[in-house]
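A.B. asks: give me the fold of what follows.
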Amino acid sequence: MSTALTASWPPSLQVLLGPPAADVWEPVLAPRSGRLLGLRASTVSLRADGSATVRYTAEVGWADGRTTRESLAAVTGSRIPPGAAVVEGQVGEDGATVTVGLWRWPDDPALPGLSWAASAARTAQRLATLGVGTGPVRLRLRAYRPGRRAVVEVSGATGRWFLKVVRPAHAGALAARHAALSPAVPVPPVLAATDDGVLVLPALEGTPMRAALRDDPAAVPRPAELERLLDALPVVRGDRRAPADPVTRARSYATVVGLTRPALVPRLDRLVAAVEEAVRPQPVVAVHGDFYESQLLVDAGRVVGLLDVDTAGPGARIDDWATLLGHLALLEQLGATPAPVTAYRRRVEAHLAGRWPAGELRTRVAGVLIGLATGPFRVQQPGWVEATEARVGLAEEWAGPA
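C.D. replies: Reported below is the predicted structural model:
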């Protein structure tokens, strides 16, 4: 990363991605006789207010001569959970104070259930206690957002499950959402839930729609089938604020992109203005809230699984479709075989033709693509600067002429 880029970043990133990052961990590792030998940021989540969450892959040397590979997490701002080790210091020419919360995987203070869900032996014991499965198991980490959630795939002789680890305060509402949705749509039921925030979900049959688009386009449902699925969603209010505002969301994501790439700010401002101008009030209906191909399991032209319903609740149907189209448009750019994706994206557009004022759907897709433009930096992709600009350019194509 160049000095010109880091100098423009918010203080949180100057600390967590700059030279001070290694020093941040010394007061945490030293009392345990650990010494940091290497540190690499693997994911970076940045908020519009400049606070950040960074997950690192680290090499640590210990007093007994061992060297281990560790997963470490650092959080700034309001996301620091109680129980994190906290350090504080100044950074930058103006001496801005940055407070950082730190922990080592899997001891996430916001996700107490992760400590056992990351251990095969303890998971096997807990599943047996819950009456879900018996015998040894193998674990595979599917997702981890420090301080927020984790998903662990569990495989054993008696079955396959997913452990969804969330903050304990959120577990009850999420379990209730699954219970409300599963009779109407193919959402996995909750087999068990623990007081420390772990939901046990069964693995569903079917092929991820993203893989089907690549390997077996005939298995992909027609857009009308997706519409039937969305129409079957019951309204679940729960703890979700309703409805989501696409303008606010686009503005927030544009701010995040602009914090890492200030040169893009004028273009991002124009995009947000286009979204703001095009968006009109829509009927409030039941929506998935994050509806795209990776959330769908398909088989023989049917949807047999609907995943990640954390965001399900009241909203505008146009935004579910815009989210799907935005992801498909990006997949066309990234995939090795874009033709089936392009064909399907066009089928979806044809299915929706004439439903909304000219340009509104496409402009909402542009808003979704602003959010997806945060991706290359978030995963620290090599060449993230160019990749970010390409995604902003794609958003501009969908927004149309200024």
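A.B. asks: relative to Asp195, how far out is the residue in the chain sticking out farthest from the centre?
C.D. replies: The outermost residue of the chain relative to its centre, with distances by C-alpha atoms, centre = their mean, is Asp64 at 38.1 Å. Shown here: Asp64 relative to Asp195, a distance of 36 Å by C-beta to C-beta, to the nearest Å. In short, each C-beta sits where N, CA and C put it, glycine included.
A.B. asks: ditto for Val285
C.D. replies: According to C-beta to C-beta, Val285 stands 34 Å off from Asp195.
A.B. asks: and Gly101, helix, strand or coil?
C.D. replies: Reducing the assignment to helix, strand or coil with DSSP: H, G, I helix; E, B strand; the rest coil, the entry for Gly101 is strand.
A.B. asks: between Val285 and Asp195, which one's more packed in?
C.D. replies: Counting neighbours by other C-beta atoms under 10 Å for Val285 and for Asp195 shows that Val285 has the greater number, 16 against 10.
A.B. asks: how about the contacts made by the more buried one?
C.D. replies: By C-beta atoms under 8 Å, 6 or more residues apart in numbering, the contact set of Val285 is Val235, Pro314, Gly315, Ala316, Arg317.
A.B. asks: doesn't Val154 lie inside a strand?
C.D. replies: Yes. According to three-state DSSP, the state of Val154 is that of a strand.
A.B. asks: any idea of the pLDDT on it?
C.D. replies: Per-residue confidence for Val154 comes out at a pLDDT of 97.
A.B. asks: do the same with Ile318
C.D. replies: For Ile318, the pLDDT comes out at 96.
A.B. asks: let me know whether it touches Thr363 as I believe.
C.D. replies: No. Under the contact definition of C-beta atoms under 8 Å, Ile318 does not touch Thr363, with a separation of 10.4 Å.
A.B. asks: next, show the common contact partners of these two.
C.D. replies: Both Ile318 and Thr363 lack any common contacting residue under the criterion C-beta under 8 Å, 6+ apart.
A.B. asks: residue contacts, the residue sitting nearest the centre point of the chain?
C.D. replies: When the chain is reduced to its mean C-alpha position, the closest residue under C-alpha atoms, centre = their mean turns out to be Arg145, at 7.5 Å. With contact set as C-beta under 8 Å, 6+ apart, Arg145 has these partners: Ser45, Thr53.
A.B. asks: measure it to Val44 for me?
C.D. replies: From Arg145 across to Val44, the span is 11 Å (C-beta to C-beta).
A.B. asks: joint contacts of the two?
C.D. replies: Between them, Arg145 and Val44 have Thr53 as joint contacts when contacts are counted by C-beta under 8 Å, 6+ apart.
A.B. asks: look at the residue farthest from the centre of the chain and give its secondary structure.
C.D. replies: Each residue gets one of three states, and Asp64 gets coil by three-state DSSP.
A.B. asks: how many neighbours does the residue lying closest to it once chain neighbours are set aside have?
C.D. replies: Nearest-residue entry for Asp64: Ser33, 7.9 Å, with adjacent residues in sequence omitted and distances by C-beta to C-beta, 6 or more residues apart in numbering. Using other C-beta under 10 Å, the number of residues around Ser33 comes to 10.
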